[in-house]
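Participant: For reference, the sequence and a predicted model appear below.
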Amino acid sequence: MTLAISRRSVLLGLAAATIAGGAEARSWEPNRPVQIVVPAGTGGGADQMARVIQGIVSKHSLMRQPMVVVNKAGGAGAEGFLEAKGARGNPHMLIITLSNLFTTPLATGVPFNWKDLTPVTMMALDEFVLWVKADSPWKTAQDLIEAAKAQRLKIGGTGSKQEDQIITAAITRATGAPFTYVPFRGGGEVAVQLVGGHIDATVNNPIEAVTHWRSGALRPLCVFDEKRLTATEKMTETQAWSDIPTCKEQGLDVDYLMLRGIFMPTGVKPEQVAFYEGLMAKVRETPEWKELMQQGAFNTTSLTGDAFRGWLTREEERHRTLMQEAGFLANPS
Amino acid sequence: MEEIGLLMQGFAVALQPENMLLMLVGVVLGVLIGVLPGLGGANGIAILLPLTFAMPPVSAVIMLSCIYWGALFGGAITSILFNIPGEPWSVATTFDGYPMAQQGKAGEALTAAFTASFFGAFVAVVMITFVAPIIAGFALRFGPPEFFAVMFLSFACFIGMAKGSPLKTLAAMMLGFLLAAVGMDTVTGQLRMTFGSEEMIRGFDFLVAVIGLFGISEILCSIEDGLRFKGQRAKIDLKVVLRTWAELPKHWFLAIRSAVIGCWMGITPAGATPASFMSYGVARRMSKDPNGFGRGKVEGVVAPETAAHAAGTSALLPMLTLGVPGSPTAAVLLGGLIMWGLQPGPMLFVEQKEFVWGLIASMYLGNVAGLLVVLVAVPWFAAILRVPFPIIAALILTVCAIGAYTVSNAEFDIVLMLVFGVIGYVMKKLDYPLAPLVLALVLGDRTEEAFRQSLLVSNGDIGIFFHNWLSGGIMALGIALLAWPVLTWARGALAGGFGRARAA
């Protein structure tokens, strides 16, 4: 974390330097509209983030050219990734990723890997929380696990063989408690199915379930991170995000974070990558971005360059292991 | 009556001059978006969303919801004039709207469609105003089995609409299901029937298929008929609006029934498309003259349009109160809410009163503004039919191609559209109905998903569809509707068999 912070401040310094020396000969700027590809449908977490970035860039005039959001959701995002893979050398295309950067190729065998893209920057990490209905008898993660051992319970989540199901499989692996995983289309739908009592628990992102928590319909049991969330503002009468224990504290040794990162096609020049690194650093300093981070209780870690690459390499390996253990790989070898 | 007071405050917000202007701009943009097939309300709002980032949330949402209104109205225009549904929920409008246009009654059909839309939306807004919290609770009762039951009922209603051979209807429907299964399977996370092709990963988009099946095949048929447009040259002026209005009150019961179907489908949230089909099916079933449907009956325009708009409007309710969008457009609006720092869901009504009631007030006003704009334009729209066919055919073809491309920015979809055009032409020539194919294509994967989710929940026990009065009741109704034609047919066949036996 300290490393991340120091890198961030260095980056900010660089960004400031770029602004100061804007007329420098070596700096590059887009000369056509920049497309930002969303490998997911409209209205989801990645789509929201892309549109917020687009809004921030135009509102604060951070770039001379406009930014256009394009959804390529086909095949759990494979369509978007393959398009970015095929756009070699195009400096006017960005792609925002979620965990399907790893899971889609592993689960479907679509010929794609994150190394077919140029990593630009990690914008944030999305947290996962274990939710149950507020009127259920389960007060801690252990209560839920014990109940699941006695009687098979249902966990709902977004999509199949993606982050939600991977976490569910990891819980089963860590505790031996079996769960039936029921896939739905989007996080909002999953939260409402839980409120309606059609499923027993979810692993929704904070932003997907926060409104039902505040209205008193849902109860968070634990957060799948190594440390507690940082937001201390009271969300309900008694609780803030920071009051939710980690799953590890509750004896459930599972942690998972989802990448929200920006990539470019391969074959682009270093000064082009630097331009977008600087642009995104400026985006992260705006009040609108901070508001989004706070609302969704995001983990605001940000990485670029080699640190980001290292993180991606480790995460890919982790996903391969997690998915292999769960039997989700298309080509197990 | 706290609601009335809050609503009046809402009107005060919405009636500020700059908001009125935004409303008008929104409606006009929306109509344009609705007219272009492919560029649906969802796309339109997604494109314009960032522009509203700098506005106050109330103004922004007023403009965006007016675009939504405009698109809802605009979808009917191309369906009636050219047999090309601009939006998924306008498919059912083509069944009678297009024959009316061919008989020279384009003005009447448009007026009926717009007025019906207005009525449907109005009923839904009134419902949102007064019973939002109760209805929102009802939506929570819908889990996968209930959702499947609703879909099943939509299909069952539709079977009654089959004209001609039941086997051909079934064949067309199965083809639709087959096409709907291509692409990503949400339940297992596997790609199905893509044959290793990157273009097939997307699956077959409903709009691309509809543009081809209806639009392109219609042009092929017209060319075969000797390059002339079947639209009769009727004298068209604004009086046609008044004439049609004089006729409409006698369909009051039909309109109310359709509005109820629409509201219910919008909240559940199954959406506007199944609502329009279901309402059309029920109208035909209940009509004294079911055979007149499909040949240019004004009821066949009123029923789907009323239901589609009631559903489209009430779809905003689950979005506001639960944070679950009832339609793709609502999903984009949802993204907008979050961007403006508003958290959709149960707390919105409590914490953001000014915003919510401003939005509801703008629904009333936007609906009225939309109706005025489109009605004034009726003669101009209908006059398009006077343009010589070779010119208009080229224009339609261009608009279709742009539409197919816009759906997911893919050139391959234009090729697909042309292929679907040829398929549609062949099916028309061989007398296979297109509508069941379209219905299965648009609802197929949601239906399959709900079915398999239910079985996952129940560990494969089919009894889950009858586990409570809600899903059990809807399923029973659907089965009864399905069995009805079989029973009538069986009775007829038996009676006929006896008759022949006796005669012999």
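Facilitator: All right, it came through fine.

Participant: show me what contacts the residue nearest to residue A:226 when sequence neighbours are not counted?
Facilitator: In this structure, residue A:226 finds its nearest non-sequential neighbour in residue A:255, 5.4 Å apart by C-beta to C-beta, 6 or more residues apart in numbering or on different chains. Quick note: C-beta positions are derived from backbone N, CA and C, even for glycine. Listed by C-beta atoms under 8 Å, 6 or more residues apart in numbering or on different chains, the contact partners of residue A:255 are A:224-226, A:246-248.

Participant: again, but for residue B:10
Facilitator: Residues near residue B:10 by C-beta under 8 Å, 6+ apart: B:354, B:356-362.

Participant: Would you mind measuring from it to chain A?
Facilitator: For residue B:10, the distance to chain A equals 21 Å [C-beta to the nearest C-beta, to the nearest Å].

Participant: Quick check: buried residues in whichever strand or helix holds that residue?
Facilitator: Assigned by DSSP states H and E, residue B:10 belongs to helix B:2-14. For helix B:2-14, a neighbour-count test (16 or more other C-beta atoms under 10 Å in any protein chain shown) marks B:6-7, B:10-11, B:13-14 as buried.

Participant: Among the contacts of residue A:255, which are located in helices?
Facilitator: With helices identified by DSSP state H, none of the entries of the contacts of residue A:255 belong to them.

Participant: Most neighbours among those residues, which one is it?
Facilitator: residue A:247 (25 neighbours; other C-beta atoms under 10 Å in any protein chain shown).

Participant: and it, what are its phi and psi?
Facilitator: Recorded main-chain torsions at residue A:247 are phi -70, psi -30, according to degrees, to the nearest 10.

Participant: Which residue, other than its chain neighbours, is closest to it?
Facilitator: Using C-beta to C-beta, 6+ apart, the closest residue to residue A:247 is residue A:222 (4.0 Å).

Participant: what's the burial count for the one you found?
Facilitator: The burial count assigned to residue A:222 is 24, neighbours taken as other C-beta under 10 Å.

Participant: now it, what's its secondary structure?
Facilitator: State at residue A:222, reduced to three classes by DSSP: H, G, I helix; E, B strand; the rest coil: strand.

Participant: Contact partners for the residue of chain B found nearest chain A?
Facilitator: Among the residues of chain B, residue B:345 lies nearest to chain A; the distance is 2.6 Å by C-beta to the nearest C-beta. By C-beta under 8 Å, 6+ apart, the contact list for residue B:345 reads A:210-212, A:214-215, B:321-323.

Participant: Residues of the stretch 51-200 of chain B that sit close to chain A?
Facilitator: B:53-54, B:139-144, B:183-191, B:194, B:198 (C-beta under 8 Å from any C-beta of the partner chain).

Participant: So among the contacts of residue B:10, which ones count as buried?
Facilitator: Members of the contacts of residue B:10 classed as buried by 16+ other C-beta under 10 Å are B:356-362.

Participant: picking up where we left off before, show me the contacts of residue B:10 that map onto helices.
Facilitator: For those, the ones inside helices are B:354, B:356-362, with DSSP H as the criterion.

Participant: and which of those residues is nearest residue A:101?
Facilitator: Set against residue A:101, the nearest of the ones in helices among the contacts of residue B:10 by C-beta to C-beta is residue B:359 (36.2 Å).

Participant: Leaving out sequence neighbours, find the closest residue to that closest one.
Facilitator: Nearest-residue entry for residue B:359: residue B:61, 5.3 Å, with adjacent residues in sequence omitted and distances by C-beta to C-beta, 6+ apart.

Participant: from what I can see that neighbour touches residue B:361, true?
Facilitator: No - contact between residue B:61 and residue B:361 fails when scored by C-beta atoms under 8 Å: they sit 11.2 Å apart.

Participant: Spatially nearest residue to residue B:243, not counting backbone neighbours?
Facilitator: In space, residue B:243 comes closest to residue B:108 once its chain neighbours are excluded; the distance is 7.4 Å by C-beta to C-beta, 6+ apart.

Participant: If you count contacts, what does the strand or helix carrying that neighbour end up packed against?
Facilitator: Assessed by DSSP H and E, residue B:108 sits inside helix B:106-139. Using 3 or more C-beta pairs under 8 Å, 6 or more residues apart in numbering or on different chains; DSSP states H and E as the contact criterion, the neighbours of helix B:106-139 among helices and strands are helix B:2-14, helix B:57-82, helix B:91-102, helix B:239-247, helix B:252-267, helix B:299-314, helix B:316-322, helix B:353-383.

Participant: Just after the helix or strand where residue B:150 lies, pick out the following helix or strand.
Facilitator: Secondary structure from DSSP H and E places residue B:150 in helix B:144-159. Note on helix B:144-159: by DSSP H and E, the next helix or strand toward the C-terminus is helix B:166-180.

Participant: Near chain B, which residues of the stretch 101-250 of chain A are found?
Facilitator: The stretch 101-250 of chain A comes close to chain B at residues A:107-108, A:110, A:152, A:154, A:159-162, A:165, A:180-186, A:188-189, A:191-193, A:195-199, A:207-208, A:210-212, A:214-215, A:217, as judged by C-beta under 8 Å from any C-beta.
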